[in-house]
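Colleague: Just need the structure, nothing else, for what follows:
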Amino acid sequence: MAITAQAVKELRERTGAGMMDCKRALQETGGDMDKAVEYLRKKGLADAAKKAGRVAAEGLVHSYIHAGGRIGVLVEVNCETDFVARTDAFKQFVHDVAMHVAATNPRWLDRESAPADEVENERRILSEQAAESGKPPHVIEKMVEGRLQKFLKENCLLDQPFVKDPDVTVGDLLKQKIAELGENVRIRRFVRFQLGEGLEKRKDNFAEEVAAQAGA
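Modeller: The predicted model follows:
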């Protein structure tokens, strides 16, 4: 079937893909706009997987301050060229990652980053909890594995549902950005600060304690 210029233009506006890619997608899907969008999405994710091994040494270090200065985040996100690092799309992605870290407080970037001793300690705790159920060993094993996977998903940044769109994970969003920007993009590291974290909070009767100490 003939593909109209208007259809190509509409698909390009919806996806941001190139004109020729849009035309090819419509041809491959018989002119069905929704199927063409899905076609481009799958192609983009496939291309993203190929780019994932390429060197990414440019990018941005970005800071995000939330809750009136009570939470602060620093993130480093890399890409291949300074040109992409200066684009609004890349900057917005980096900002979204920092905002997500502020909101969810992930402990690690991904499962490979999770220290083996901490994962094993969590497995031991879950095993002890599951053993109290009195269920057969093979059931307990499945319970522990399921809960451990949930623990990792909750604490690994790339596995977490993205705060602005819980239907996709941060890892999925990263792949989408690689496809959109045409370069390898990677979240290299992050750190999150929370005011007073790790410090013992001052008690309400602080003045009374000071007075008592002064009279001792």
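Colleague: switch to C-alpha atoms for all contacts and neighbour counts from now on
Modeller: Fine.
Colleague: show me what contacts the residue sitting nearest the centre point of the chain?
Modeller: The centroid of the chain falls nearest to Val170 when counting by CA atoms, centre = their mean (2.5 Å). By CA atoms under 8 Å, 6 or more residues apart in numbering, the residues touching Val170 are Val97, Leu157, Leu158, Asp159, Gln160, Pro161, Phe162.
Colleague: just Ser127 next, same as before
Modeller: Ser127 sits next to Ile140, Glu141, Val144 when contact means CA under 8 Å, 6+ apart.
Colleague: same question, Lys91
Modeller: Taking CA under 8 Å, 6+ apart, one finds Leu60, Ala85 in contact with Lys91.
Colleague: helix/strand/coil for it?
Modeller: Recorded secondary structure, Lys91: helix (DSSP: H, G, I helix; E, B strand; the rest coil).
Colleague: cool, and Ser133?
Modeller: coil.
Colleague: And it, its phi and psi?
Modeller: Dihedral pair for Ser133: phi -70, psi -20, per degrees, to the nearest 10.
Colleague: Relative to Asp172, how far out is it?
Modeller: 36 Å (CA to CA, to the nearest Å).
Colleague: out of those two, which sits in the busier spot?
Modeller: Asp172 (16 against 9; other CA atoms under 10 Å).
Colleague: What does the pLDDT read for the more buried one?
Modeller: According to the prediction, Asp172 has pLDDT 90.
Colleague: same deal with the one 4 residues further on?
Modeller: For Gln176, the model assigns a pLDDT of 86.
Colleague: does it sit in a helix or strand, and which one?
Modeller: helix 170-181 (DSSP states H and E).
Colleague: What strands line up against the helix or strand just after that helix, and which way round?
Modeller: Per DSSP H and E, the first helix or strand lying C-terminal to helix 170-181 is strand 186-194. Using DSSP bridges, strand 186-194 pairs in its sheet with strand 71-79 (antiparallel).
Colleague: How far off centre is the partner strand?
Modeller: 12 Å (CA atoms, centre = their mean, to the nearest Å).
Colleague: tilt between that strand and helix 170-181?
Modeller: 40 degrees (axes from the mean of the first three to the mean of the last three CA atoms, to 10 degrees).
Colleague: And the helix or strand following strand 71-79, what's buried?
Modeller: Next along the chain after strand 71-79, taking DSSP H and E as the criterion, comes helix 82-85. Along helix 82-85, these residues count as buried under the neighbour rule (16 or more other CA atoms under 10 Å): Val84, Ala85.
Colleague: Residues touching helix 82-85, excluding its own?
Modeller: Here helix 82-85 has contacts from Glu58, Gly59, Leu60, Asn78, Cys79, Phe90, Lys91, Leu181, using CA under 8 Å, 6+ apart.
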